[in-house]
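1. Got a predicted model here, sequence first, then my questions.
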Amino acid sequence: MNKNPYSSHTDADRAAMLQRVGIKSVDDLLTAIPKDALRPKLGLPTGMSELEIQAHLESLAAKNRNAGAGPFFLGGPVQRRYIPAAVPVLALRGEFLTAYTPYQPEVSQGTLQSIFEYQSLICELLAMDVANSSMYEGGSAVAEAAFMAVRTTGRKKVVIASEVYFEFRRTVRTYARGPDLEIVEVPTRDLASAAEGAACLIVQHPDAFGGLVEVRRIADAAHAAGALCIQVTEPHANALLEPPGALGIDIAVGEGQPLGIPMSFGGPYLGILACRFGLVRQMPGRLVGETRDAHGMRGFVNTLQTREQHIRREKATSNICTNEAIAAITAAVYLALMGPEGLRAAARLGVAKAHALAHRLSALPGCSVSTDGDFFDRFALRVPRLAAGPEGSGYALRNALLVDNVLVEATAAHYGDRDDLVIQCTEMTTDAEMDALVAAIESIAASIRETVTAR
Amino acid sequence: MTVRTQVIPESGVKTAVPALEPLLLEIHEEGRAGRHVRGGEDADAQIPAAFRRRAALSLPELTEPQVVRHFTHLAQLNYAVDTGMYPLGSCTMKYNPKINDRVASLFADLHPRQPQSTVQGALTLLAELETMLAKLTGMDAVTLQPAAGAQAEFTAILMFKAYHQKRGEGAKRRRVIVPDTAHGTNPASAAMCGFEVTTVKSDARGNIDLASLKTALGDDVVGLMLTNPNTLGLFEERLREVCEAVHAVGGLVYGDGANMNALLGVARPGDLGFDCIHINVHKTFSTPHGAGGPGAGPLCVKEPLRGFLPKPWIVRDEQGRYHLDTARDDQPPAGLGDSIGRVRTFLGNFGVLVRAYTYMRTLGEEGLAEASNDAILAANYLLAQLRDSYDLAFDRPCMHEFVLSAARQKKLGVSALDVAKALIDEGFHPPTVYFPLVVPEALMIEPTETEPRETLDAFAAAMVRIAERTKADPASVKAAPKNAPLARLDEVTAARNPKLKWQRPT
């Protein structure tokens, strides 16, 4: 009886194999391993049947509160979006999911053409010249874009707007410890005047608070100072907003999860990285290109591989090898199914709901929208002061709302002094969820007023 | 599957091969659309004119039936573990259990910014996975953040840098040592951390050359990056001496865990002298490779490195509840301390880690040990069948993989690449070729434990047939593949004149 249910060997197979090798036991092959270290007791649990493991995982999952289980307004780089039924059916087919990196193109055209389509679709969406075949996820994609700018300009100062997602900024700071880069954070409004001596300016549009940013002015300032301009973008926003390629952006990066990929508590996701053609040899990661086979038929291959670690080793543009190919294929399927009208509709619904909700919430006593200027599909809400203390009023209100099963983000400690809530809407946001949020904040605000009056 | 007929130019022979698929752009017609989401037209008025998209949004317009056929046909052009044996050396293309995919979907609807009280099940799973990986590797602490092996390498070398800086030796320690058999990611990761790379050669038995290593060592060394078993499929015979030599000059030893499938229950890297090791869960723990990714690269470290691990950390309180130490529900975030900080936006490739957790729990300690045993046995069994037909770089028992050389075939005009392409016509995915770099015409073969004996026999027979054909009719080997969707592709032109996206007809 096999202890590993996925082993294909019977004991008779093993006996025959040992005989063919000419040994009595596998241990005869392990003479290079120090005796005192051989076959340790690990202290791991014993195995389970498929039925048992399914039940065990269900019991763990039951300790979570799913996004769809109540009013839900979290978002930012990761968004609860509608995933058409055909997306996982196609993208998770075994022929895609269980293939390796397409190093043998003759038997990998499914992967290669799908990735080529992904690169093409991202270029259309962002109006950029070249998109690579994926980075790990948004934050590390921003860091790799900054590295591209450092290599291109020979400068070591990276200027990043403080309205870029805090998780992205922190990831950039970690990466910067490698080549010892100087990281400068300034508010978006001061970005243009901080370009002197910088390798790049990094702007997010729409920003972490949903704010719309005049990107072209920042890109112009970067270029005047000999720096590159990197925009952190979001896929759906590009259906309605002028895309990075039309704003003078050199490198566009972002989190691609909203393109049909489940939220899955942090990953796997899709790092989008696209640039203008002149920077292609500084790009990290794989690129798929079109070519012909020996009979003249069109086909696709990994190309410009002299940038990559398996060829260039320490001189490579990045160490990335395994990427997020299946997520890129997922995004290609999603974009093909949604089409331009479907993508616009999803984006518009988020915008419409966010503005309707902002209108209602800012009518509540003590509440006001605190995003600078116009916003897209999320907004910051300044809220009444709930309690004194280091956690701030936004944090306290977030926790009060949690008691009502309503999930919102608090910005405290992540964006300087800003102590707000951020409320994200998408096409998934329902009227009932919006009613519940308004009612919950209204009742909490009322109870504060009563407390204050009682004092 | 739709097929097309292809005529082989030199012989005039007709073969049936899978039909190619047009590009999405080529099946687009204006006005075609599905109706997955609709509405919201009044939103445009909320966006000031200056910000609105003026550039055309020319995504293809297609119906759902078209899209389904398109990607189904594309999928059918792929070779995959689900379709056949995939003996890529150093990639561990074992079977990917379907239960792992299904249970991952139980956690699909969780947002990474959710308050921790609402994700206790997910945090419990991660904490238990950390514990299991620590026990398996003989290490003391684990981060699950890295998205892949290469990101784990980068994470670890950043930690080494922080470790030396804290000891006041940051300025002088500038060199990372890698053997000449190392994966390309190793030197690339070291370079991303601002370090110089010193390459050390291998000895006559396929080990890192100890004398050369000692010559290369000095007090300017950050550490050594070592894969064990190495990429020749060989266990380092003087491993402890190697690690001791690095430690003697104050350096640290990084374990590249790409070949961990040989060591489950066989030996713990923590008992052998390594200061840390990463795990490629998409190799060792059966998570699907996804046509190139995602993977996950948990990094397991010894106690002295714990404080430098990326944050946030998952911590357990007295009530048995799990928290992230930088973002408690009930407290403001803590500082980073010695931690290098986060290496990605959120906690890790959770959907991949669920699959790895499920695999480990399904097999259990005894099943994991059996997996490595069977993997080692399968590799040696194949090697026994192939050693007469191909050259063997180092004649020692292998671990879970081995490296052949087609140098003998090369003299007859047939290269490792030709052998690889001929295997495609035999119905197999080729092995890894031209790696490791120290073996000329390398063919690196890793069968894994999940291929049945009859498949191993069929693969060996195919390899032997190709070796025989090389002697009798080398031109036929060089003309392969004939039965694949495409013949050999022109990679030179692809790189010289890059076409990296579709071109609209003008």
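-> Yep, it's here.
2. I'd assumed residue A:185 was in a strand, is it?
-> Yes. Read with DSSP: H, G, I helix; E, B strand; the rest coil, residue A:185 is one of the residues of a strand.
3. Skip the chain neighbours and tell me the closest residue to it.
-> The shortest distance from residue A:185 to any non-neighbouring residue, by C-beta to C-beta, 6 or more residues apart in numbering or on different chains, is to residue A:162 (4.9 Å). Backbone N, C-alpha and C define where each C-beta goes, glycine included.
4. How about the backbone phi and psi for that neighbour?
-> Main-chain torsions, residue A:162, degrees, to the nearest 10: phi -70, psi -10.
5. Following the longest strand along chain B in sequence, what is the next regular element?
-> Across chain B, the strand with the greatest residue count (assigned by DSSP state E) is strand B:221-227. With elements assigned by DSSP states H and E, the helix or strand that comes after strand B:221-227 is helix B:239-248.
6. tell me which residues of that following helix are tucked away?
-> Counting neighbours by 16 or more other C-beta atoms under 10 Å in any protein chain shown, one finds that the buried residues in helix B:239-248 are B:239, B:242-243, B:245-246.
7. Let me have the residues you listed in CSV, extended by pLDDT and distance to residue B:464.
-> Supplementary listing: the buried residues of helix B:239-248 in CSV, determined by pLDDT from 0 to 100; distance: C-beta to C-beta, whole Å:
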residue, pLDDT, distance to residue B:464
B:239, 98, 34
B:242, 98, 37
B:243, 98, 40
B:245, 98, 42
B:246, 98, 42
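8. I'd say residue B:405 and residue B:436 touch.
-> No. Under the criterion of C-beta atoms under 8 Å, residue B:405 lies out of contact with residue B:436, with a separation of 10.9 Å.
9. can you list residues touching both of those two?
-> Taking C-beta atoms under 8 Å, 6 or more residues apart in numbering or on different chains as the contact criterion, the residues that touch both residue B:405 and residue B:436 are residue B:442.
10. Between those two, tell me which one has more neighbours.
-> Set side by side, residue B:405 and residue B:436 show unequal neighbour counts under other C-beta atoms under 10 Å in any protein chain shown, the larger going to residue B:436 at 24 against 17.
11. Help me confirm that that one comes into contact with residue B:444.
-> Yes. Between residue B:436 and residue B:444 a contact is recorded at 7.2 Å, counting by C-beta under 8 Å.
12. Give the residues shared as contacts by those two.
-> Both residue B:436 and residue B:444 are in contact with B:231, B:403, where contact means C-beta under 8 Å, 6+ apart.
13. Name every strand pairing with the longest strand of chain B and say which way it goes.
-> Based on DSSP bridges, the pairing partners of strand B:221-227 within the sheet are strand B:175-179 (parallel), strand B:252-256 (parallel).
14. Can you tell me which of these is packed in deepest?
-> With neighbours defined by mean count of other C-beta atoms under 10 Å in any protein chain shown, none of the strands paired with strand B:221-227 is more surrounded on average than strand B:252-256, at a mean of 28.
15. For that strand, give me every contacting residue.
-> Counting by C-beta under 8 Å, 6+ apart, strand B:252-256 makes contact with B:149, B:153, B:156-157, B:160, B:163, B:182-183, B:185-186, B:222-228, B:242-243, B:246-247, B:269, B:273-278, B:305, all of which sit outside it.
16. Counting neighbours, which of those residues end up buried?
-> Buried residues within these, counting neighbours by 16+ other C-beta under 10 Å: B:149, B:153, B:156-157, B:160, B:163, B:182-183, B:185-186, B:222-228, B:242-243, B:246, B:269, B:273-278, B:305.
17. export the strands paired with strand B:221-227 to a markdown table and tack on mean pLDDT?
-> Shown next, in a markdown table, are those (pLDDT from 0 to 100):
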| stretch | mean pLDDT |
| --- | --- |
| strand B:175-179 | 98 |
| strand B:252-256 | 98 |
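18. Save these as TSV, and put in distance to residue A:287 too.
-> As requested, those are arranged in TSV below (distance: least, C-beta to C-beta, whole Å):
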stretch	distance to residue A:287
strand B:175-179	26
strand B:252-256	25
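19. can you tell me which of these comes nearest to residue A:443?
-> Between residue A:443 and the strands paired with strand B:221-227, the shortest separation by C-beta to C-beta is 55.2 Å, and it involves strand B:252-256.
20. is the very next helix or strand once past the closest one anywhere near chain A?
-> Along the chain past strand B:252-256, the next helix or strand (assigned with DSSP H and E) turns out to be strand B:276-278. No. Strand B:276-278 lies out of reach of chain A by C-beta under 8 Å from any C-beta of the partner chain, never closer than 11.7 Å.
21. What helices and strands are in contact with strand B:276-278?
-> Under the contact criterion of 3 or more C-beta pairs under 8 Å, 6 or more residues apart in numbering or on different chains; DSSP states H and E, strand B:276-278 touches helix B:149-166, strand B:252-256, strand B:299-301.
22. and the helix or strand following it, does that touch chain A?
-> Note on strand B:276-278: by DSSP H and E, the next helix or strand toward the C-terminus is helix B:281-284. Yes. Helix B:281-284 comes into contact with chain A (C-beta under 8 Å from any C-beta), by way of residue B:282.
23. Return the distance of helix B:281-284 from the chain's centre.
-> 7 Å (C-alpha atoms, centre = their mean, to the nearest Å).
24. List of residues touching that helix?
-> Taking C-beta under 8 Å, 6+ apart as the criterion, the residues outside helix B:281-284 that touch it are A:322, B:91-92, B:94, B:148, B:257-258, B:260-261, B:264, B:287-290, B:293-298, B:352-353, B:355-356.
25. Tabulate the CA atom coordinates of that helix in CSV.
-> Extracted in CSV, the C-alpha atoms of helix B:281-284 (Å, rounded to 0.1, in the frame of the first residue of the first chain):
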residue,chain,number,x,y,z
VAL,B,281,6.4,24.7,-3.7
HIS,B,282,5.6,24.5,-7.4
LYS,B,283,8.3,21.8,-7.7
THR,B,284,8.5,19.9,-4.4
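26. Tell me which strands the helix or strand encompassing residue A:252 pairs with, and in which orientation.
-> Using DSSP H and E, residue A:252 falls within strand A:251-255. Taking DSSP bridges as the criterion, strand A:251-255 forms sheet pairs with strand A:228-233 (parallel), strand A:271-275 (antiparallel).
27. average pLDDT for that strand?
-> For strand A:251-255, the per-residue pLDDT values average out at 98.
28. what about dumping the CA coordinates of that strand to PDB?
-> Output for strand A:251-255, consisting of C-alpha atoms alone and laid out as PDB, is shown next (Å, rounded to 0.1, in the frame of the first residue of the first chain):
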ATOM      1  CA  ILE A 251       6.800  52.800 -17.700                       C
ATOM      2  CA  ALA A 252       3.300  51.800 -16.700                       C
ATOM      3  CA  VAL A 253       2.900  49.300 -13.800                       C
ATOM      4  CA  GLY A 254       0.100  48.000 -11.800                       C
ATOM      5  CA  GLU A 255      -1.700  45.200 -10.100                       C
END
